[in-house]
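Trainee: What follows is a predicted structure for the sequence shown.
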Amino acid sequence: MKKTFKLFAALFILAFAINSGMAQGINPTYNLVAKNFSLGTINQPDDALYFDVFLQWTNEGTAPNYEYAGVQLFWSFNKNVFTGTWPPGGVTSNVDTSEFSFKIVGSEITNSTLIPRSPSVWTAVSPTADIMRLAINTFPGFGNGFAVPSAFPGIKVVRMRLWNKLGTFQTHPLDIAWRNKPIVQFATKVFAYVGTLNTEITTPATHTIEYTNDPLPVELASFAAATNRNNVTLNWSTAKETNNSGFDIERKLTTANEWSKVGNVTGNGTTNETHNYTYSERVGTGNYNYRLKQVDFNGNFEYFNLSSEVNVGVPDKFDMSQNYPNPFNPSTKINYDIPVDGKVTIALYDISGREVAKLVNEVKPAGYYTVQFNASNLSSGMYFYRISAGDFVSTKKMVLIK
């Protein structure tokens, strides 16, 4: 009996010591950061704001393993970034309305027991700020969550998208900031399983925002397009750039939904000087939309849309260009223009007049075309190529040098 009592007493003292240790500051500590803010396009230019929230365990080795229990995330922000009077009447708005949407679009947390509460944006709740709210908790509890990593930058708890459905965000500072204690109502909190207890470990001093008040890392001064036959040239200039890796050029037919990357132009990093950029390409007949995807060195990006469509009509006459490059080895290209639908033949002849290849031999609708020819199976020398389309016939020479 005495041995049993001594064992019970020892266990009680040990448990008390552990609980006292927790109370004396060996709870897990963390960094909570909102970052990677970037503008994107859904229906209109710059109508969506994306950002990530990372959580990192910072006292590994001095505290028990940090098993995530949940977060309650609250931010204040400047509602003047929204288009028009938002929300109508200045009332509380729910997760998804005709004016805006605040939505989870990604996370590195894959545990199936995570329970996100509906993201919300509230206004007129506080006299000093409008509020974005999000909570992501675990259920049923200890042993079903995940350990928060200590390696930088931690784990991406969530990626959020704030969509301004009324149009492009206004050029006001977003002024996003954590709502922290000692705010009584709507304050950010972090919870961990310490042992088997769901414990609040909130330390507001470790909540940070990696964001500048300039909503556009690259300030575009102009963006225009010019066409010459089926050659489209895009010209744009920047008034300033911050951490600018470069621009992806994206194009789509106006009747299509999907954009395609067609080129890239390197940026100028960080500069307050004006810089001019250009990009050219040949396209087929049609109506096109173009946009620039500006990407910084951290991988953040935003879109700049060309304000007008680019129209490439049908040629007004038959034509066939000189091949390029010329001389060549072993590949070359030939451009040709067809103003009306019809049969087109382009044949290649050697110096003796013998036909050695048929480059085109089919019915073509009116438009601009390019044929690429690989002469790896031919000998060096001079060759002739001839186009026949309706009454149009034209012959040019090319030189293959191996």
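Mentor: That came through, no problem.

Trainee: What pLDDT is listed against the closest residue to Gly154 other than its chain neighbours?
Mentor: Nearest residue to Gly154, sequence neighbours excluded (Cβ to Cβ, 6 or more residues apart in numbering): Gln56, at 2.8 Å. To be clear about C-beta, it is placed using only N, CA and C from the backbone, and glycine gets the same treatment. At Gln56, the predicted lDDT confidence score is 92.

Trainee: give the contact list for Gln56.
Mentor: Contacts for Gln56 (Cβ atoms under 8 Å, 6 or more residues apart in numbering) come out as 30-31, 33, 148-155.

Trainee: could I get those as CSV with secondary structure?
Mentor: Below are the contacts of Gln56 laid out as CSV (DSSP: H, G, I helix; E, B strand; the rest coil):
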residue, secondary structure
Tyr30, strand
Asn31, strand
Val33, strand
Val148, coil
Pro149, coil
Ser150, coil
Ala151, coil
Phe152, coil
Pro153, coil
Gly154, coil
Ile155, strand
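
Trainee: Between the residues you listed, identify the one with the most neighbours.
Mentor: Ranked by the number of neighbours (other Cβ atoms under 10 Å), these place Tyr30 first, at 25 neighbours.

Trainee: separation between that residue and Tyr193?
Mentor: 13 Å (Cβ to Cβ, to the nearest Å).

Trainee: Could you tell me which strand of this protein is the longest one?
Mentor: strand 231-253 (DSSP state E).

Trainee: If you count neighbours, what's buried in that strand?
Mentor: By 16 or more other Cβ atoms under 10 Å, the buried positions in strand 231-253 come out as 232, 234, 236, 238, 240-242, 244-251.

Trainee: Quick check: the farthest pair among those residues?
Mentor: Greatest spacing in the buried residues of strand 231-253, by Cβ to Cβ: Val232 and Thr242 (28.5 Å).

Trainee: looking at it, Leu359 is touching Asn374, isn't it?
Mentor: No: the pair Leu359 / Asn374 is not scored as a contact, 10.4 Å apart, by Cβ atoms under 8 Å.

Trainee: Looking at these two, which one has more neighbours?
Mentor: Just comparing Leu359 and Asn374: by other Cβ under 10 Å the higher neighbour count belongs to Leu359, 17 against 11.

Trainee: Tell me the helix or strand right after the helix or strand that contains the residue nearest to Gly154.
Mentor: For Gln56, the host element (DSSP states H and E) is strand 48-57. Next along the chain after strand 48-57, taking DSSP H and E as the criterion, comes strand 67-77.
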